[in-house]
Structures are given as structure tokens and as C-alpha cells.
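Enquirer: I would like to see how this sequence folds:
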Amino acid sequence: MDPSIYIKPSQQLRTLIESIENPPKNIRATLNEPDATLTPRDLKWIKEKLSQAEKRCLYSALAGSELTLPTPIFPERNPDLEKRCQKLRMQQTEREYRHMTRNIRESDTKEKPLSMQFKELNGVIITLVQLLVSVVASFMFGYLAPYYLYGKSETGPRIIFGTLMAFFVGVADLYFVIRENLDLDGIKLPNKTD
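Expert: Numbers count the residues shown, from 1 in each chain. Below is the predicted model of the structure:
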């Protein structure tokens, strides 16, 4: 890699160089050749030779010039390494695809045995019964708690309180059921503690 910085002078910079008496050969070449470039060392020499008034013009002349920065030259990659990387990328892509379509492929390719289907059905029935029992129990608690605590026998407020209790418990229970089903499907929800 060539670490040098090159400056292609603007027309204004070329006129400043023309005003200098006896410039070196490499700086004189920039006047004749349109693609000639200067180095920072050349610019330093030019700045030293300019008068105070011309130095003020130097900065605007530099603003119109082109700056060429060094670019690294990367070595060519080993073909064996490139083949291996391609193979590993393909394997990783295949693994991710299989993970995403895991539950679809299993259900499409073969039918599950009857015992497995009953086990899944039992899990769903147990979840529904648990949800129903918790909602009914929370309604009963909300309905009977005001009677046992305060001795109030009006049924209107007791029904409202019982319904509210059953609603909140049902929503909370549904949240955990949905979260568990998403986890079984392979969808990970972020934890708030992470």
C-alpha cells in the first residue's frame, strides 16, 4: 500500500506556483501536465516560498484542489478458504430454515401416532379446564368476599366485584397460556430482566 497523500492542484494553485521563482522539477511538472500531483511536502515548500498575501490565497486554492487518499490493497482470498466459507454459510442457512419450518415439516411429512395426538389433546383440555376453574374460583371469591368481610348482602356490587376479579384473573391466565404456546412454537419473547 502506498501511504502517500496526493493533491491534484486546481487552476488557482497552478497560478500561485507560476508566481514562484525557480520551483523544483517535480513542482514545475504540475504546471505542464494536467494529471500531475503534489505531495504534502511540496505544499509545505510552496507555502514557505509564497508572500504573506499569497498565503491567504493558498487556502482557497487548496479548497478547489482534489485530494487523493491512500487506499489499501487487499490480498486475494485463498480459493479453498472461500469454498469453505461458502459451504459453512449454506449449512448455517439450511439450519436456520429447518429451525423455522420445524413444526410445519413434522406435520406435513407424517401423521403423528394416536398416543401422541391424545397427549397433545390432554394438554389442551387440561389448560382449558385450568383456565375455566381459575376464572370461576376468582368470580366466587369476588362474589363472596364482600359478604364475609363486610356483611353486605346486596347482590349488584357483589356481582360486579366478582366479574371484575374473574376478568383480571382470566386475562392474566390467558397471558401465560399464550406465552407458553409461543415458546412451544419456537418464538422467544424477550424478558424484561435482560
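Enquirer: How is the chain partitioned into domains?
Expert: 6-68, 77-110, 113-194 (automatic domain parsing).
Enquirer: for those, which one ends up most surrounded?
Expert: Highest mean neighbour count among the domains of the chain (mean count of other C-beta atoms under 10 Å): domain 6-68, with a mean of 14. Any C-beta I mention is one placed from the backbone N, CA and C, and that applies to glycine too.
Enquirer: Look at that one and report the distance between its end residues.
Expert: 5 Å (C-alpha to C-alpha, to the nearest Å).
Enquirer: where exactly do the helices run in this structure?
Expert: 11-18, 25-32, 40-49, 52-63, 79-100, 102-109, 114-150, 155-184 (DSSP state H).
Enquirer: and the second one, C-alpha only, in CSV?
Expert: Taking Å, rounded to 0.1, in the frame of the first residue of the first chain, the C-alpha atoms of helix 25-32 are listed here in CSV:
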residue,chain,number,x,y,z
LYS,A,25,11.5,19.9,-11.1
ASN,A,26,8.6,17.9,-9.6
ILE,A,27,6.6,21.0,-8.8
ARG,A,28,7.3,22.5,-12.2
ALA,A,29,5.9,19.3,-13.7
THR,A,30,2.5,20.1,-12.3
LEU,A,31,2.3,23.3,-14.5
ASN,A,32,2.8,21.3,-17.7
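Enquirer: Can you tell me what sits against it?
Expert: 9, 14, 17, 18, 20, 36, 37, 38, 42, 45, 46 (C-beta atoms under 8 Å, 6 or more residues apart in numbering).
Enquirer: chain center to that helix: distance?
Expert: Relative to its parent chain, helix 25-32 has a centroid offset of 51 Å by C-alpha atoms, centre = their mean, to the nearest Å.
Enquirer: Can you give me the distance of residue 56 to residue 44?
Expert: 17 Å (C-beta to C-beta, to the nearest Å).
Enquirer: again with residue 149
Expert: Taking C-beta to C-beta, one finds residue 149 at 92 Å from residue 44.
Enquirer: now residue 77
Expert: Distance from residue 77 to residue 44, by C-beta to C-beta: 40 Å.
Enquirer: Ok, residue 80 next?
Expert: As for residue 80, its distance to residue 44 is 48 Å (criterion: C-beta to C-beta).
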